[in-house]
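Asker: no sequence on this one, just coordinates:
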């Protein structure tokens, strides 16, 4: 039997699958290519949406655009992505009012290879699902969120997750409990508090 190399599939807390894709940049009205190797030492959010010229997608991307200042404060690179072409991205930005002043690069995964590796490709329509992937500066995939197509995502929750992930990277002995926010109480995992978590959170 010949050796067969299985493709790398996105898996939490492992190295994020690499990518090299064309992009459209609405800020400069230009196109180019970007690869995961260009993003070393950065926090990255790969934000897949189903398609340009759709219904829920522009509301999500407008929500993300409105948080540009906060993402910048967290030193996060936002990359929107779909299986459309750069030409479709540009036309959509130019014609959809909700996309006015959209600030992030828009990746064109027209071959669908990256969406497939990240396990969000619908092989019947060849359209990507709603997937949000957080990659840390070491290239490790730290968060995977995939939602049903009609359900939009919330950038406030994404920011909360980013703040928690950045805190945990800086404080590797700590764990963030439910609804954790900056300056909230954290936990130090230890068998001694396994049945006394309430006390640990309220001491």
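Answerer: Sure, I can see it. What you are looking at is a predicted structure, and each value in this text was computed from that prediction instead of being measured.
Asker: is it true that residue 124 lies in a strand?
Answerer: No: secondary structure of residue 124, determined by DSSP: H, G, I helix; E, B strand; the rest coil: coil, with no strand assignment.
Asker: Output the lowest mean pLDDT helix or strand found in the protein.
Answerer: Sorting the helices and strands of the chain by mean pLDDT, DSSP states H and E puts helix 197-202 at the bottom, at a mean of 77.
Asker: which phi and psi does residue 161 have?
Answerer: When quoted as degrees, to the nearest 10, the phi and psi of residue 161 stand at phi -60, psi -40.
Asker: Surely it is in contact with residue 143?
Answerer: Yes: using CB atoms under 8 Å, residue 161 is in contact with residue 143, at 5.6 Å. C-betas here are computed from N, CA, C, even on glycine.
Asker: Please spell out which residues along the least confident helix or strand of the chain are buried.
Answerer: By neighbour count with 16 or more other CB atoms under 10 Å, helix 197-202 contains the buried residues residue 200.
Asker: and for it, what are the contacting residues?
Answerer: Counting by CB atoms under 8 Å, 6 or more residues apart in numbering, helix 197-202 makes contact with 177, 185, 187, 188, 193, all of which sit outside it.
Asker: try stretch 171-182
Answerer: With contacts defined as CB under 8 Å, 6+ apart, stretch 171-182 is touched by 160, 163-164, 167-168, 184-189, 197, 201.
Asker: one more time with 7 Å, if that's ok
Answerer: For stretch 171-182, the external contacting residues (CB atoms under 7 Å, 6 or more residues apart in numbering) are 160, 163, 164, 167, 168, 186, 187, 188, 189, 201.
Asker: Could you do stretch 98-115 as well?
Answerer: With CB under 7 Å, 6+ apart as the contact definition, stretch 98-115 has outside contacts at 19, 21-27, 34, 48, 58-59, 61-62, 65, 68, 78-86, 89, 92-93, 121, 126, 128.
Asker: Can you mark which positions in that stretch are buried?
Answerer: With burial defined by 16+ other CB under 10 Å, the residues of stretch 98-115 counted as buried are 99, 102-110, 112-115.
Asker: That one spans what distance, first to last residue?
Answerer: End-to-end distance for stretch 98-115: 25 Å, by CA to CA, to the nearest Å.
Asker: can you check stretch 72-79 too?
Answerer: Using CA to CA, the end-to-end distance of stretch 72-79 comes out at 13 Å.
Asker: ok now it, how far from the chain's centre?
Answerer: Per CA atoms, centre = their mean, to the nearest Å, the displacement of stretch 72-79 from the mean C-alpha position of its chain is 11 Å.
Asker: What helices and strands are in contact with the helix or strand hosting residue 23?
Answerer: Under the criterion of DSSP states H and E, residue 23 resides in strand 20-25. Strand 20-25 is packed against strand 30-35, helix 86-95, strand 105-108, with contacts defined by 3 or more CB pairs under 7 Å, 6 or more residues apart in numbering; DSSP states H and E.
Asker: where are the low-confidence patches of the protein?
Answerer: For the chain, residues meeting the criterion pLDDT under 70 lie at 1-7.
Asker: ok, 80 please
Answerer: In the prediction, the chain carries residues with pLDDT under 80 at positions 1-8, 190, 192-201, 203.
Asker: where along it do the strands fall?
Answerer: Remark: strands of the chain, listed N- to C-terminal, are 20-25, 30-35, 43-48, 76-82, 105-108, 121-122, 127-128, 130-135, 141-147; assignment by DSSP state E.
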